[in-house]
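S.K.: dropping the sequence and predicted coords here.
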Amino acid sequence: MKGCCCNMSVFSEKLQEYIQKSNMKIAALSKLSGVERSFIQKMLTGERIPGDPAVLQQLSEVLMLTPSQHRILSEAYAISKMGEPTYYRRVLVKRLIEESGSFIQQPPVLRSHFSPPGFQRPDVLPLTGKAAVADTLRLLIEEELGTEAPCIKAVLQPECTATDVLLQYARTCPLLSIEHIVCFDSELQYQKENKYNLHCLQRALSFLFSSCHYSPYFYYESISAKSGKTALFPWILLGKGWALTISQDEERALIVSTPDAISLYTGLFEEIRTECLPVLEHNARQHYWNLESWAPLRQEMTYSLQFEPCLGFFFTMDMAKKQIYRDHAQGEVLLSFLEQRQKQITLLEGTRKNTSFFAPEGLDRFLETGLVAELPEGSYAPLPKAYRAELLRRMMVCIQNGSYTPYLIKTAKFRLSDKLGFLSTGSQQVTCTCLHPLHGFTTLQLHEKSVAYSFCDFFEYLRETGLVYSKEESESLLRSRLKQVFNG
């Protein structure tokens, strides 16, 4: 109970501060806001917290809080209600989803040809100063990019300056391959506090959605131990002709260029990697339509988050066979995949349930164009109006029988890319789908358990927030769209 009161005090103190600034008596505040006087008193002492966020709006209006003050009070309320670690973890997942969408952009410039930088150096070269280390790393990376099949192997944490340098080349160099080993923090109780591991994933996605070929791996260890004074040169980067080791504070580094030394470090890297797990499984375009690359749906309830509604829950093969071009290069593969996948995810039989989050703009785009984001452009004929109306009608039927629960996203409050989607099929199973401007359709299976849990927890939390329309509001909006389709 003590911990609960401590959490509530964040909200209580902020509310107390705003009431004092207003010079308003509790009795007057109660009368004008319609909130009982005794309830306000208990909020101020930390004994109670409103179950309905509408109470905050009532108090804010009477206290004449600015938009900034209302946001601060709402944040204090959320922290008090769910606890600070949980609140900030959920905020970070939201930010991660929003920022990931911004990573999926066509680079303004792609670099495929590099002239050797002519970096002459002794077999062993010590470096001092963070700027000197970063500048030298750029020379080494460009040297590697001048070789056939350039590949950088790295043991680096997301917060390292060297990681930022590496990302600059990852964004513009499609021929570059990066194998990256990251330490995830083993000291976190991932059902409560998981900001560091989510930050690791955020950096991994910035590489994955860039131009290069990126393979991230992880192992568990105490981050505090890795950053201790005795961790002399914990960071390593390897090219074909060099090995760079960097001190924990990145103020000192050592380059070795002899074949024996490079072989030794390469062997060490491979040894570490054998004890690691992939952060995620990255399936390229040719595997996207392979059913084995998708996580099986082991649980009755699933969650989906994407710009357009997931129409796979409602389609039947008679539709697919009429719309998919069989003479398309992937036509038969698509039909085979859709037939198998339809059996896995359909909601029409009433054996599965799904909670979906999607944007009204995404729904409108589908209803106007008949284009389906999950299918490759040019592989199918746009769905005719009759099919669009039928899919929406089936969606409404599934809502009525309880197998489908939609929540439409308020895109002014929660930005969602039309090239990114997430599907949760269990408490530790999350699949990310991506339409990349260079790599096409890809699927990413998130393997690290604390990260997968954080996403699943966020999906359950999302439906209770002001980031989406309520269940009733969402259903009303969908009924309105259905009426427009049939009357249009």
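M.R.: Structure's in. What do you need?

S.K.: how long is stretch 407-419 end to end?
M.R.: One end of stretch 407-419 sits 19 Å from the other (CA to CA, to the nearest Å).

S.K.: list the buried residues for that stretch?
M.R.: Across stretch 407-419, burial judged by 16 or more other CB atoms under 10 Å covers Y407, L408, I409, F414, L416, S417, D418, K419. No exception for glycine: its C-beta is placed from N, CA and C like everyone else's.

S.K.: and if you look at stretch 327-341?
M.R.: Q330, V333, L334, L335, F337, L338, R341.

S.K.: ramachandran coordinates for the spatially closest residue to the third one that is not a sequence neighbour?
M.R.: Among residues not flanking L334 along the chain, I324 sits closest, at 5.4 Å (CB to CB, 6 or more residues apart in numbering). The phi and psi torsions at I324 (degrees, to the nearest 10) take the values phi -70, psi 130.

S.K.: among the buried residues of stretch 327-341, which lie within helices?
M.R.: V333, L334, L335, F337, L338, R341 (DSSP state H).

S.K.: dump the residue contacts of the residue nearest the centre of the chain.
M.R.: Centroid check for the chain by CA atoms, centre = their mean gives I97 as the closest residue, at 3.7 Å. Residues near I97 by CB atoms under 8 Å, 6 or more residues apart in numbering: L305, L416, L420, F422.

S.K.: did I read that right, I152 in a strand?
M.R.: Yes. Under DSSP: H, G, I helix; E, B strand; the rest coil, I152 falls within a strand.

S.K.: report the beta-bridge partners for it.
M.R.: Under the criterion DSSP bridges, I152 forms beta bridges with I178.

S.K.: quick check: pLDDT value at it.
M.R.: I152 is assigned a predicted lDDT (pLDDT) of 98.

S.K.: can you tell me how far it is from S102?
M.R.: To S102, I152 is 24 Å away according to CB to CB, to the nearest Å.

S.K.: who's more crowded, these two?
M.R.: Using other CB atoms under 10 Å, the more surrounded residue of I152 and S102 is I152, with 23 against 12.

S.K.: verify the contact between that one and C173 for me.
M.R.: No. Here I152 does not reach C173: they are 10.1 Å apart, not a contact under CB atoms under 8 Å.

S.K.: which residues of the stretch 301-450 of the chain fall in strands?
M.R.: Assigned strands in the stretch 301-450 of the chain, in chain order: 301-306, 353-358, 404-408, 420-426, 429-436, 440-446 (criterion: DSSP state E, counting those that start in this stretch).

S.K.: partner strands of the fifth one and their direction?
M.R.: Sheet pairing here is set by DSSP bridges, and for strand 429-436 it gives strand 420-426 (antiparallel), strand 440-446 (antiparallel).

S.K.: name the SS class of the residue nearest to the centre of the chain, please.
M.R.: helix.

S.K.: then the one 5 residues further on?
M.R.: Using three-state DSSP, the secondary structure recorded for S102 is helix.

S.K.: hmm, S417 and it touching each other?
M.R.: Yes. Counting by CB under 8 Å, S102 does reach S417; the two are 7.4 Å apart.

S.K.: ok, the contacts of I97 vs P126, which is closest?
M.R.: L420 (43.7 Å; CB to CB).

S.K.: and the residue lying closest to that closest one once chain neighbours are set aside, how far from L371?
M.R.: Leaving out its chain neighbours, the residue that sits closest to L420 by CB to CB, 6+ apart is G101, at 5.1 Å. G101 sits 19 Å away from L371, going by CB to CB.

S.K.: could you do A320 as well?
M.R.: Separation of A320 from L371 (CB to CB) stands at 15 Å.

S.K.: neighbour count for those two, which is higher?
M.R.: Comparing A320 with L371 by other CB under 10 Å, the one with more neighbours is A320, at 17 against 13.

S.K.: and the pLDDT at the more buried one?
M.R.: A320 is assigned 90 on the pLDDT scale.

S.K.: try the one 5 residues further on
M.R.: Model confidence at Y325, given as pLDDT, is 91.

S.K.: what sits against the residue lying closest to it once chain neighbours are set aside?
M.R.: Once flanking residues are discounted, Y325 sits nearest to G331: 5.2 Å by CB to CB, 6+ apart. Listed by CB under 8 Å, 6+ apart, the contact partners of G331 are I324, Y325, S379.

S.K.: which of those residues are buried?
M.R.: Looking at the contacts of G331 with 16+ other CB under 10 Å, the buried ones turn out to be I324, S379.

S.K.: for Q484, state which of the contacts of G331 is nearest.
M.R.: I324 (27.4 Å).

S.K.: mind listing the residues bridging to the closest one?
M.R.: Going by DSSP bridges, I324 forms beta bridges with Y380.

S.K.: which stretches of the protein have low pLDDT?
M.R.: For the chain, the stretches with pLDDT under 70 are 1-9, 188-193, 223-231, 282-300, 426-427, 488.

S.K.: before we move on, back to that, list the contacts for the residue nearest to L334?
M.R.: So, once contact is read as CB under 8 Å, 6+ apart, I324 ends up touching G331, L334, L335, L338, L375, S379, Y380.

S.K.: quick one: the third one and K321 touch, right?
M.R.: Yes. In terms of CB under 8 Å, L335 counts as a neighbour of K321; the distance is 6.7 Å.
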